[in-house]
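Undergrad: Model the following, please.
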Amino acid sequence: MESVGDAMNLSRYQKLRRGALAGLLASAFLALAVVGSSHGEEMHEFIEQLGFALMIAGIMGRIWCTFYIGGRKSAEIVDAGPYSMTRNPLYVFSTVAAAGVGAQTGSLVLGAVFAIGCALAFQPVIRREERHLLEKFGAPYAAYVARVPRFVPRLCGYEDRAEMTIRTDRVYRTLIDGLVFLTAIPLFEGIEFLQTSGHLPLHLLLP
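TA: Numbers count the residues shown, from 1 in each chain. As a prediction, the model looks like this:
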C-alpha cells in the first residue's frame, strides 16, 4: 500500500505531468490558429483519420499501462507488461496520442512536432520521478533502470505476469483523462472552418 508521503509525491508528479501536457497543447492550439495543411482534401482527410487512430491507440495504451501501475507506482517496482519494455509507457502512449492530435490539422509535420514537443515536455517530470523512485527503492530500481530503457520501447524485452490486481477506479480515471485528446477533433475542425471562411488568417502551410 502507498504511504501518505508516497501518495503526495505521486499526486505532485501527476500534476506536473498534466501541467506539462496542458501547457504544450494550449501553446499548440494558439500557434495553429495561423497554421494550416498544404495537402489536398483527400490526403488531408487521410492524415486526420490516421491521427484519430493514433489517439485511440494512445488512449488504449494508457489504459493498458494503468492495469499494471494503478495504485502501485510508489509502492513497488512495476516491471511487467508495458513496463518491461520501457520505464515510462504512460508517457510513450501520451506521445502517440499527441501525434494524433497534431495530425488533426491534416499535416504530418505538425503531427511529428506535437509528438516531439510532448516527449520533450515530459523529460523533466520523468527525471524527477526517477530520482524519487531511486531514493525509495535503491538497488532494485537501479537494476530496473539498467535493464529497461527510459522511453523508446524495447519490444524484445516484453515480460508479463500470470496474475495481477486491477484498480478499476484508476482505469476509469485514465480513460476520462485520455478522452481529453479527442477534444482536438472539434477544436481543429472549428479552426479549419474559421480559416477557410476567412475569419482566421493563414500565414504558414505545412505538408
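Undergrad: Report the buried residues of the helix or strand hosting Y141.
TA: Using DSSP states H and E, Y141 maps to helix 139-147. By neighbour count on 16 or more other C-beta atoms under 10 Å, the buried set for helix 139-147 is Y141, Y144. Any C-beta I mention is one placed from the backbone N, CA and C, and that applies to glycine too.
Undergrad: secondary structure element for the residue nearest the centre of the chain?
TA: Geometric centre of the chain, nearest residue: S94, 1.0 Å, by C-alpha atoms, centre = their mean. Here S94, judged by DSSP H and E, is contained in helix 89-103.
Undergrad: picking that back up, check contacts around the residue nearest to the centre of the chain.
TA: S94 makes contacts with L21, G58, R62, C118, F122, as judged by C-beta atoms under 8 Å, 6 or more residues apart in numbering.
Undergrad: and with 10 Å instead?
TA: Counting by C-beta atoms under 10 Å, 6 or more residues apart in numbering, S94 makes contact with 17, 20-21, 58-59, 61-62, 65, 88, 115, 118-119, 121-122, 177-178, 181.
Undergrad: Inside helices: which ones of the residues you listed?
TA: 17, 20-21, 58-59, 61-62, 65, 115, 118-119, 121-122, 177-178 (DSSP state H).
Undergrad: closest to P207 among the residues you listed?
TA: A115 (15.8 Å; C-beta to C-beta).
Undergrad: gap between the spatially closest residue to that closest one that is not a sequence neighbour and E48?
TA: Sequence neighbours aside, A99 is the residue nearest to A115 in space, at 3.8 Å (criterion: C-beta to C-beta, 6 or more residues apart in numbering). In this view, A99 and E48 are 13 Å apart by C-beta to C-beta, to the nearest Å.
Undergrad: between these two, who's got more neighbours?
TA: A99 (26 against 21; other C-beta atoms under 10 Å).
Undergrad: S107 is in contact with that one, correct?
TA: No: A99 is beyond contact range of S107, at 11.4 Å (criterion: C-beta atoms under 10 Å).
Undergrad: Quickly list what's touching both of those two.
TA: Common contacts of A99 and S107 (C-beta under 10 Å, 6+ apart): G51, V113, F114.
Undergrad: okay if I get those as JSON lines plus distance to F188, neighbour count and pLDDT?
TA: Putting the shared contacts of A99 and S107 into JSON lines (distance: C-beta to C-beta, whole Å; neighbours: other C-beta atoms under 10 Å; pLDDT from 0 to 100) gives the following:
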{"residue": "G51", "distance to F188": "9", "neighbour count": "28", "pLDDT": "95"}
{"residue": "V113", "distance to F188": "14", "neighbour count": "20", "pLDDT": "89"}
{"residue": "F114", "distance to F188": "11", "neighbour count": "28", "pLDDT": "90"}
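Undergrad: what would those look like in a markdown table with distance to G190?
TA: Below are these laid out as a markdown table (distance: C-beta to C-beta, whole Å):
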| residue | distance to G190 |
| --- | --- |
| G51 | 16 |
| V113 | 20 |
| F114 | 18 |
